Structure formats: C-alpha cells, structure tokens
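Engineer: got a structure for you, letters missing:
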C-alpha cells in the first residue's frame, strides 16, 4: 500500500484508507437516499456535495437517477472517476461552486457540511445549494449533532480515546481518536493518530464546526429553504436501515447525527 503523508486531510487524500474505514461497498446511505427521494417524489436530477468515493452517485445512477458528484478532494475525484467510468464527478468547493444548472435534489452527508467553519461560510454554502436547486427542490443534510455532546454518552466521547482497526490485504491500519471542544468557536477538535504497517505514525488535527438544531434552522430559512424535518434517527451514516419498514423519524436529538430535510422556496 502506498500512502500520501504530506496532506491537510490524511483520510481524504488516501481513498484506499477511506474505503477501508468507511466501506466502498456500504450502500446504506445510498439506499436511504433512494427511499427518501421516493417518499418526497423528487425528480431524477440529483447533486451529491462531498461525493467522496462516489458510491452514492453510482448507486443512484444505477437506480435511474441522473446523479452528479462534487468533491473538494482531487484524489477522491480521481478515485471515483476510475471506479465509476462514465459517471460525472467534478472538483469544487461547497461554498462557491457553479455548475450552471439546477437540480431536483441535493444532498450533503457524512459531516461534509461541518467544514464550513464560520457563519459566513455556512450561509455561503446554503445559498450556493439553493442556487443549484429548482424551486421546490429537496435538500438533505447529514452531520454530527452538536447537542449529542451535551448528553452523558457525548461527554464520554470527550474523555476517552477511541480505537479502530482495519486490515487491507496484509496491511493493518490503526486509528486512535481523541475529541475536545473549542466552546467559544463551537468547534469539535479532532486529534487522530494513524498507524499503518511499514510507515511511521501520522498525527493529524482536524476540526468540525458544531451546529445546534435551532441554529441550523435559522441558517436554512434565511437562505431560501423551508424546513420539512429535523431528526437524529434513522441515521444511515452510522447504522443500517431496515428497508422492509417505512421510515420512522426520531426528533429527540439525543443521537450522534443531526439531519434535516428542507425544500427550496
């Protein structure tokens, strides 16, 4: 395995590692999106912001949608184009991209939205999303839930080191994670230590903006959206979804994920 060490985002610059930890063939989120689009009767033209490995775009295209992926990582774009030839993946920043077209639905999952660190960036991204949606178009966002860190389990996450391990062929990859919060900046500070067989450990510091439910609703309404649902369950980013049952939403916001469904007005 060849890895790139000199990078601002180790995981997103090494798609093979991303695949090992987040499953290239994990279709849970794609299946949830498909179910969501059927429930809300969206059109077939769909935009994926932060498309990563391209698996959701590929699944939706196979399901009959005209899905396009956009990602800021050129390495991820290259991986997606190689693995899903004939599908459209473009490079761009979520806050200022311009595709010169509008879509029936737009989604941004896996906490990609939380790389908007400032209030201005949050608004710029939402306004950019709105510009690329038809009136009545559907917006789905999935991200870390800031309110989770007010719970007992969330507090535990801030005091304990988390350890994950994966094996790719004969290579063992270990990830050690510690979380802390910059309260004034509403930032989740993420300290990672990557250990890959045959390489020196890689230390990485990343951040996620923490948004609270009512705060996000205010940003949405001021950017041309009408809130349809705010929920923490089902959480397809972290749990499997029972497709034999109709979607049932939990609104208590105790879970790790904050999700919104909104409509462009």
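Structural biologist: Done, it's in. The structure displayed is predicted, hence computed values, not measured ones.

Engineer: what is the neighbour count of the residue lying closest to residue 88 once chain neighbours are set aside?
Structural biologist: In space, and not counting its chain neighbours, residue 88 is closest to residue 68: 4.7 Å by C-beta to C-beta, 6 or more residues apart in numbering. Just so you know, the C-beta spots here come from the backbone N, C-alpha and C atoms, and that holds for glycine as well. Under the neighbour criterion other C-beta atoms under 10 Å, residue 68 is assigned a count of 23.

Engineer: make sure residue 68 is indeed in a strand.
Structural biologist: Yes: judged by DSSP: H, G, I helix; E, B strand; the rest coil, residue 68 forms part of a strand.

Engineer: per-residue pLDDT, residue 7?
Structural biologist: pLDDT recorded at residue 7 is 61.

Engineer: tell me where the stretch 51-200 of the chain has strands.
Structural biologist: Secondary structure of the stretch 51-200 of the chain (DSSP state E, counting those that start in this stretch): strands located at 66-71, 88-91, 103-108, 133-144, 162-168, 171-182, 187-196.

Engineer: nearest spatial neighbour of the residue positioned nearest the centre of the chain, skipping sequence neighbours?
Structural biologist: For the chain, residue 110 is the residue whose C-alpha lies nearest the centre (C-alpha atoms, centre = their mean; 2.0 Å). Among residues not flanking residue 110 along the chain, residue 237 sits closest, at 5.9 Å (C-beta to C-beta, 6+ apart).

Engineer: surely that neighbour is in contact with residue 255?
Structural biologist: No: judged on C-beta atoms under 8 Å, residue 237 makes no contact with residue 255 at a distance of 10.6 Å.

Engineer: for residue 154, give me its contacts.
Structural biologist: Residues in contact with residue 154, defined by C-beta atoms under 8 Å, 6 or more residues apart in numbering, are residue 148.

Engineer: let's go with 10 Å and repeat that
Structural biologist: Counting by C-beta atoms under 10 Å, 6 or more residues apart in numbering, residue 154 makes contact with 145, 146, 147, 148, 179, 181, 254, 255, 256.

Engineer: report the contact partners of residue 166.
Structural biologist: Contacts of residue 166 by C-beta under 10 Å, 6+ apart are 17, 19, 20, 21, 22, 23, 172, 173, 174, 175.
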